[in-house]
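Q: next comes the sequence, and after it the predicted model I'd like to discuss.
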Amino acid sequence: MEVNQHSPVGTHHDDHSHHGHDHHHDHEESNNFFAKYIFTTDHKMISKQFLITAIIMAFLAMGMSLIFRLQLAWPDTKFPFLEDIIGRWGKDGKLDPGFYLALVTLHGTIMVFFVLTGGLSGTFSNLLIPFQVGARDMASGFLNALSFWFFFVSTVVMCASIFIESGPASAGWTVYPPLSALPQAIPGSGLGMTLWLISMALFIASSLLGGINYVTTVLNLRTKGMTMTRLPLTIWAFFITAILGVLSFPVLLAAALLLIFDRSFGTSFFLSDIFIDGAPLDYSGGSPVLFQHLFWFLGHPEVYIVLLPALGLASEVISVNARKPIFGYKAMIASMLVIAFLSFIVWGHHMFVTGMNPFLGSVFVFTTLLVAIPSAVKVFNYLTTLWRGNIQFTPQMMFAMGLVSTFITGGLTGIILGDSTLDINVHDTYFVVAHFHIVMGSSAIFGMFAGVYHWFPRMYGRMMNKKLGYIHFWFTIIGVYGVFFPMHFLGLGGVPRRYYANTAYEPFSVFMDINVLISIAAIIGGLAQLIFAFNFFYSIWRGKKSVQNPWKSNTIEWTAPIEHLHGNWPGETPVVHRWPYDYGKPGSPDDFIPQTVPYSETPESNTPEDLKH
Amino acid sequence: MNLLLTLAIVFGVLVLVRIANVAQMAAELSGENEDDEQDKSNKWNGMGFLLFMIFGLALMTYSTIKWLPLTLPVAASEHGVKVDELMDLNWAVLIIVFFITQFLLFWFAYKYRYNRNKRSFYFHDNNKLEAIWTIVPTIVLAGLIVTGLVEWNKITDLATKEDGIKIQVYSKQFDFTTRYAGKDNKLGASFFRNITDANPLGVDSEDVAAKDDKIAKELVMPVGQEIELVINSRDVIHSVYLPHFRVQMNAVPGMTTRFHFKPTVTTAKMKEITGDDKFEYIMLCNKICGVAHYNMKMGVRVLEKDEYTKWLRGEKKVFEPAAATPATPAAPADSVKSPVASI
Ligand code: HEM
Ligand SMILES: [Cu+2]
Ligand SMILES: [Cu+2]
């Protein structure tokens, strides 16, 4: 096959002379540490920077969740090691109730923003957009590097907030004022909240720089023959995600700025009629509900910013491993577009019982349940793709299957939460925690794992160990269902979320056993992630060397040499002749036909439709 | 403890290194090529998916049967019964869809696991199928939406009516206070600048409507009567959550929110229903509001009408005639009368 004939290494400097490159690159391969790892503008290196930062953040956030899971399952037990880890917040082995909220807040913030937005989009948009559209790099390498460094600094600021005297932000990841605005209300709303807001502002800057770059690259730098309808679904997903981010993150920035004004300059955007600490405050005329509108105007699109890339990665992985074209390629694109559009007009479903006008509530019920339709279409399309496939269970395929399973499970409970009548009694209970962890947390993490296992060889030129991958998968999916399935029952029992202990109402003690079960499952699931971490880092240095196209994929990133070159391809960028999903095509000798193979070379498998192209 | 932990980690890593090495070497030594190895993995994992589905669904069913009795008892309010019925309807639909889709997913995984002598079926578009699974969910969802919205409109329309017994639920960090409107069923205006230790709700002492208002540390309601909760907060957002009545509404500083409902089961009756003679209703704060959020609650009782009247008679007035001296405002305020919170 033509693709496999590129000699993988060493041609870089020679090619320099014969090929008219569209830009200069002189010393990128230099061994200077700073040039290679810090000031790099190369999309491949930036993608690794994002991934490794995200992995570290994910472990931090997971560690936090394990700490508060210990508290929830064994509220009367002392864990002396807590004092070693978190110092005075864990005095005598008891978690401090204020710090519980701080942990919950940071856990949520880090998972949603740093791991599943920055980490997921940052890693895979960076890696795959140039590779799969056939570009030599992002439209602006400099802005791209800037995007990572803003991200990095924002994670540093967030982590720094853990160490300050008054503790980190503790008002929940949604930081609703007045709680988040008034240090009198909770200590974490002092300096901790200021740092949270600074960190978020930096994160938003990073996300915008990244997003603009992704959109521009997809629109302008596609290689010859790569029409929009020949783009792999991964790219469509990243493209739509980037647009969502560019349109919605500025609104969060606005909310954050106004909150900064209220906190520091005495304005009253979100505050009014407050009496606290024995004195009335001078705020007048603001509305806490306004903040919620602004927050969720980002917040809802945000869940799709988290989810769509994962679905995109899964689409590619499922098609490659089922050795079958993705079913309903155009319908998949259309459903992503519809989801993206609708995601801007459903934010009110987070606010049914906040005092928002009930009529508005009805409108949001309607739009919310509309989103369920394209989501259902996607699920059925995945199922049909598997039907009569020839499925290779690589670790990435396992995780992609896991994603479909959790996406279904969590999506279904979403129908209950989206129905205002039913939401009345489960809003802000553990039912919600169960729902969003399954549909957003687990699905997106599964998508991310699928992506890492699949594209690891593309990133590091080596393979991850499959056996460890399988062990990792099985423990993870059992852990996920073990943790989050039982939580539905707590929610249906009326147990509120963000409670340090369920002592307020004696009958809640019937849930004690379930809480223990959940925490054990969480610990098992958490330990399984160590297997992943080990596999990942071990394989970077010691993994088996990758072959050119290890998964027999059609997409063009596998035509670039294994060794990373600046500019990706030593010669011209590949020319694309067909869509990316010709797997198992009747008549063709191999069960895949890469995008670079022209129809003229495959007379035996061309269909009448192909000839129209 | 720490030593142990360190040892455990070191040991774990060593084991993983072994697995990784052994797996790699075993494959190389046995001369097994990668395809054979992948064939084996496909077989095991395909089986794995099948077993995971069977055991998973069985376990879910079992735990549902086991845990469902732990969830909330029958709704203790008129609309709550409807909410529960709708919930059941939704569950019926969702569980069916859940079983079908999860079954197909894992069954396909098992059934179509890789076989090197086979090819997949090249099938990537079928407008009829796609139309079906766009239209069918749309119809089902439309049904769920319409039934839900009809109920939602009924519940929220009640709040615009004026026939409920008015009870204010006043929230602050970290407790609730209730105020009963008295004979006139009018709550006197309250304003945050009027708040003092003696007047924690900041009720306007000059408002005649406040004269007969009573204050309590308990939410007590007569059974079978329309109740209108008038919900306020003086510091941060709280949420008035009455799980047994399927009632929830946030308490937002600077505005008044309401929830209108009719309790239908007295506490005594609920003791019988649940077979638990210690049963009590509860009101919980359900919006993160500070360090002691998890402890912010209020006892709730539903009484027969005459018991309720008797109870209310015994409660104290917001402004007891004895303490007739009007409370002094906590801070110099230019407007003591409330322009906002007149209820
Ligand atoms: C290691 C596995 C995880 C466990 C055991 C876990 C556990 C929990 C629990 C028990 C809570 C609720 C605490 C409370 O309300 O008191 C929570 C909150 C949350 N989690 Fe996780 N979680 C995990 C992973 C994730 C992931 C992957 C995400 C990404 C979406 C995530 C996002 C959140 C968010 C947004 C919150 C809400 C924070 C808040 O209330 O402000 N979690 N987690
Ligand atoms: Cu939403
Ligand atoms: Cu509260």
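A: Now that the structure is in, tell me what you want to look at. Ligands and ions are numbered 1, 2, ... in the order given.

Q: A:Gly225: how many residues sit nearby?
A: By the criterion of other CB atoms under 10 Å in any protein chain shown, A:Gly225 has 17 neighbours. From N, CA and C alone the C-beta is placed, and that goes for glycine too.

Q: would you list the phi and psi of A:Gly587?
A: In terms of degrees, to the nearest 10, the main-chain angles of A:Gly587 are phi 90, psi -30.

Q: show me what contacts it?
A: For A:Gly587, the contact set (CB atoms under 8 Å, 6 or more residues apart in numbering or on different chains) comprises A:604-606.

Q: do the same with A:Met57
A: With CB under 8 Å, 6+ apart, A:Met57 has these contacts: A:110, A:114-115, A:119, A:155.

Q: mind doing that once more with 6 Å?
A: The neighbours of A:Met57, taking CB atoms under 6 Å, 6 or more residues apart in numbering or on different chains as the test, are A:110, A:114-115, A:155.

Q: for B:Thr264, same thing?
A: B:77-78.

Q: and the closest residue to A:Asn549 other than its chain neighbours, how far is that from B:Thr138?
A: Computed as CB to CB, 6 or more residues apart in numbering or on different chains, the closest residue to A:Asn549 that is not its neighbour in sequence is A:Trp558, at 4.1 Å. Separation of A:Trp558 from B:Thr138 (CB to CB, to the nearest Å) stands at 39 Å.

Q: so between the two, which is more surrounded?
A: Neighbour totals were compared for A:Trp558 and B:Thr138, and A:Trp558 leads with 25 against 15 (other CB under 10 Å).

Q: that's a strand at the more buried one, yeah?
A: No: judged by DSSP: H, G, I helix; E, B strand; the rest coil, A:Trp558 forms no part of a strand; its state is helix.

Q: that one and ligand 1, how far apart?
A: As judged by CB to the nearest ligand atom, to the nearest Å, A:Trp558 and ligand 1 stand 30 Å apart.

Q: what about residue 51, how many neighbours?
A: You didn't pick a chain, so chain A it is. A:Leu51 has 24 neighbours, counted by other CB under 10 Å.

Q: meant chain B actually
A: Neighbour count of B:Leu51, defined by other CB under 10 Å: 12.

Q: for it, give me the pLDDT.
A: Per-residue pLDDT puts B:Leu51 at 95.

Q: where does the chain dip in pLDDT?
A: With no chain named, the answer covers chain A. Chain A contains residues with pLDDT under 70 at A:1-31, A:613.

Q: correction: the question concerned chain B.
A: Low-confidence segments of chain B (pLDDT under 70): B:1-9, B:20, B:22-32, B:321-343.

Q: and the helices in it?
A: Using DSSP state H, the helices assigned to chain B run over residues B:2-29, B:34-67, B:78-111, B:127-158, B:267-274, B:305-314.

Q: now the shortest one: buried residues?
A: Neighbour counts using 16 or more other CB atoms under 10 Å in any protein chain shown place B:267, B:270 of helix B:267-274 among the buried residues.

Q: could you do the third one as well?
A: When burial is assessed from 16+ other CB under 10 Å, helix B:78-111 yields the following buried residues: B:78-80, B:82-84, B:86-87, B:90-91, B:93-94, B:97-98, B:101-102, B:104-111.

Q: quick one: is stretch B:287-298 near ligand 1?
A: No: shown here: stretch B:287-298 not in contact with ligand 1 (CB under 6 Å from any ligand atom), separated by at least 7.1 Å.

Q: what's that stretch in contact with?
A: A:97-98, A:172, A:185-186, A:498-501, A:504, B:173-174, B:176, B:219, B:236-239, B:250, B:283-285.

Q: any of those residues buried? List them.
A: A:97-98, A:172, A:185-186, A:498-500, A:504, B:173-174, B:176, B:219, B:236-239, B:250, B:283-285.

Q: thinking again about what came up before, just send the contacts of A:Met57 back as CSV, with secondary structure too.
A: Listed next are the contacts of A:Met57 as CSV, based on three-state DSSP:
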residue, secondary structure
A:Ile110, helix
A:Phe114, helix
A:Val115, helix
A:Thr155, helix
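
Q: now for the residues you listed: which two are most distant?
A: Spanning the widest gap among the contacts of A:Met57 are A:Val115 and A:Thr155, at 10.1 Å by CB to CB.

Q: buried residues, stretch A:591-610. List them.
A: Neighbour count says stretch A:591-610 has A:591-597, A:602, A:605-606 buried, by 16+ other CB under 10 Å.

Q: so which of the contacts of A:Met57 comes closest to A:Val433?
A: So of these, ranked by how close each gets to A:Val433 (CB to CB), first place is A:Ile110, at 16.2 Å.

Q: count of neighbours near the closest one?
A: 24.

Q: which ones are touching it?
A: Listed by CB under 6 Å, 6+ apart, the contact set of A:Ile110 reads A:57, A:61.

Q: that older thread, show me the contacts of stretch B:287-298 that map onto strands.
A: When DSSP state E is applied, the contacts of stretch B:287-298 are split such that B:176, B:219, B:238-239, B:250, B:283-285 fall in strands.

Q: ok so, going back, could the helices of chain B be laid out in CSV, adding distance to ligand 3?
A: Shown next, in CSV, are the helices of chain B (distance: least, CB to the ion, whole Å):
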stretch, distance to ligand 3
helix B:2-29, 37
helix B:34-67, 28
helix B:78-111, 22
helix B:127-158, 23
helix B:267-274, 23
helix B:305-314, 25
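
Q: can you redo those as a markdown table with distance to ligand 1?
A: Formatted as a markdown table, those follow (distance: least, CB to the nearest ligand atom, whole Å):
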| stretch | distance to ligand 1 |
| --- | --- |
| helix B:2-29 | 18 |
| helix B:34-67 | 17 |
| helix B:78-111 | 21 |
| helix B:127-158 | 25 |
| helix B:267-274 | 26 |
| helix B:305-314 | 35 |
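
Q: that's all I had, so thanks and see you.
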